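S.K.: attaching a predicted model along with its sequence, questions to come.
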Amino acid sequence: MTLRITAISILFLAIPGLLLIAAEPAADDVQTWRATCQAAMNKLGGELKATLQESLNEHGPIGALDKCSVAATPIAETISTEEGLLVARTSLKPRNGKNAPDDWERRTLEVFEKRHAAKEQIEDLEAWTIITDDEGHRTFRYMKAIGTLPLCLKCHGRKIDAEVALKVAELYPNDMATGFKAGDIRGAFTVKLPLD
Ligand code: HEC
């Protein structure tokens, strides 16, 4: 046993490449951070879906548009505060400019598109990385793709009712989030979890 540990230490000391590997975060940590991000993301997804469904049932698509336009950001902000992280949604074709991707998010969304084109299931499209800022603070960043369901097409599809289109144009003059079909990637959840 002692011999084996010594042998491993010598290996780590002797080979700089392995030292780098030793500096990587433990796999267990990564799985914990990933689970934390997924929990926040599931909470956001669940609350948004419930809000959307309820307002669609009660007020139809126009009322639901109004509701989503005022409720989506505060819902994400409340969950972020509760969970001690930042959870949001993003897309290569955002409706709300505030949801536009940053560099890492854009690259990740482009990779998701490529993986999807290569027949990977949308449910399997996720990615994470750790970034360190100038002061040495680390952030775990996580993304998971969001698929387009038939229900989404009322407001994000190719053929949208004229009055819905008018309302979207009124609320979001720079809207890019139409022209989707069921089974497309609509966007992704994105989470920033501060580590230290
Ligand atoms: C009633 C209309 C409506 C329906 C139906 C709808 N959305 Fe949206 N969606 C919106 C609005 C409005 C926004 C902008 C919210 C905001 O201001 O942050 C939005 C934003 C988004 C965003 C954030 C990125 C962006 O474009 O700004 C994603 C992702 C998204 N929707 C996915 C979906 C999915 C998936 C479905 C189906 C399950 C769906 N939407 C159904 C109206 C709708």
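M.R.: Cool, got the structure. Values in this document were obtained by computation on a predicted structure and should not be read as measured data.

S.K.: would you mark the buried spots in stretch 129-139?
M.R.: Thr139 (16 or more other CB atoms under 10 Å). C-betas here are computed from N, CA, C, even on glycine.

S.K.: ok, and what's touching stretch 96-114?
M.R.: 69, 72-73, 88-92, 94, 125, 127, 129, 131, 141, 143, 145, 172, 174, 185, 187-188, 190 (CB atoms under 8 Å, 6 or more residues apart in numbering).

S.K.: narrow these to those that are buried.
M.R.: Buried, going by 16+ other CB under 10 Å: 69, 72, 88-92, 94, 125, 127, 141, 143, 145, 172, 185, 187-188, 190, out of those.

S.K.: of those residues, list those near the ligand.
M.R.: 69, 72, 89, 91, 94, 187 (CB under 6 Å from any ligand atom).

S.K.: out of those residues, which are inside helices?
M.R.: 69, 72 (DSSP state H).

S.K.: and whatever helix or strand Gly46 lives in, average pLDDT?
M.R.: Counting by DSSP states H and E, the element that carries Gly46 is helix 27-83. In this model, helix 27-83 has a mean pLDDT of 96.

S.K.: now do stretch 122-140
M.R.: For stretch 122-140, the per-residue pLDDT averages 97.

S.K.: against Arg138, how distant is Leu65?
M.R.: 39 Å (CB to CB, to the nearest Å).

S.K.: just Phe180 next, same as before
M.R.: Counting by CB to CB - Phe180 and Arg138 are separated by 35 Å.

S.K.: what does the protein put close to the ligand?
M.R.: Going by CB under 6 Å from any ligand atom, the residues of the chain near the ligand are 52, 61, 64-65, 68-69, 72-73, 89, 91, 94-96, 99, 146, 148-149, 151-152, 154-156, 177, 186-187.

S.K.: filter those down to the buried ones.
M.R.: 52, 61, 64-65, 68-69, 72, 89, 91, 94-96, 99, 146, 148, 152, 154-156, 177, 186-187.

S.K.: picking up where we left off before, out of the contacts of stretch 96-114, list just those in strands.
M.R.: Using DSSP state E, the subset of the contacts of stretch 96-114 located in strands is 88-90, 127, 129, 131, 141, 143, 145, 185, 187-188, 190.

S.K.: out of these, the closest to Glu120 would be?
M.R.: Ala145 (9.4 Å; CB to CB).

S.K.: what's the helix or strand for Ile160?
M.R.: Counting by DSSP H and E, Ile160 is part of no helix or strand.
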